[in-house]
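K.L.:
Give me a 3D structure for the following:
(one chain, ligands or ions: 1)
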Amino acid sequence: MSFPASAYLRTATSRAKSHVANKLVSMFLHDLSRKICTSLELSITDARYAEAVEAAFGGNCCYCCQPLEKDRTSVEHLEGMNRFRLGLHIPGNVILACKRCNGEKRRDDQLDQLTLGECG
Ligand SMILES: [Zn+2]
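P.N.:
Alright, predicted model coming up:
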């Protein structure tokens, strides 16, 4: 079977366009998040916020409930920051997840329903 070059090119081109659109939406959402945080004097770098997130999930991944490990932890968003989800980088939407769950959720972000772990 020969390589379907034209089908591959069409798919790759639409994937690249989708990537650029997502990047632009993500940049806009980050900028909007900064403005909202500034106007409300909120900060996700605030120690109290970090403690609240840790206390809420007990230092575990919010999806699989496994203990979080250094270098295997991602800052995550309940509502993803992309053109399908339009989540913000603000307290309440920022959570911690293990890298495996973060990767799986990324593929899942186009679905209507997300699955949280029992601890989440
Ligand atoms: Zn996990």
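
K.L.:
Which positions in this protein make contact with the ion?
P.N.:
By Cβ under 5 Å from the ion, the part of the chain that sits against the ion consists of 61, 63, 64, 98, 101. Glycine gets a C-beta too; all of them are placed from N, C-alpha and C.

K.L.:
Filter these down to the ones in helices?
P.N.:
Among those, the residues falling in helices (DSSP state H) are residue 101.

K.L.:
helix or strand for residue 13, which one?
P.N.:
Counting by DSSP states H and E, the element that carries residue 13 is helix 5-40.

K.L.:
Show me which residues of that helix are buried.
P.N.:
22, 25, 26, 29, 33, 37 (16 or more other Cβ atoms under 10 Å).

K.L.:
Please convert the residues you listed to JSON lines, extending it with distance to residue 46 and pLDDT.
P.N.:
Listed next are these as JSON lines, based on distance: Cβ to Cβ, whole Å; pLDDT from 0 to 100:
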{"residue": "22", "distance to residue 46": "28", "pLDDT": "85"}
{"residue": "25", "distance to residue 46": "26", "pLDDT": "92"}
{"residue": "26", "distance to residue 46": "23", "pLDDT": "90"}
{"residue": "29", "distance to residue 46": "20", "pLDDT": "94"}
{"residue": "33", "distance to residue 46": "14", "pLDDT": "93"}
{"residue": "37", "distance to residue 46": "10", "pLDDT": "90"}
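
K.L.:
which of those lies closest to residue 83?
P.N.:
Closest to residue 83 out of the buried residues of helix 5-40 is residue 25 (4.3 Å), distances taken as Cβ to Cβ.

K.L.:
Could you list the low-pLDDT ranges of the protein?
P.N.:
1, 106-120 (pLDDT under 70).

K.L.:
and residue 88, which of the three is it?
P.N.:
Secondary structure, DSSP: H, G, I helix; E, B strand; the rest coil: residue 88 is coil.
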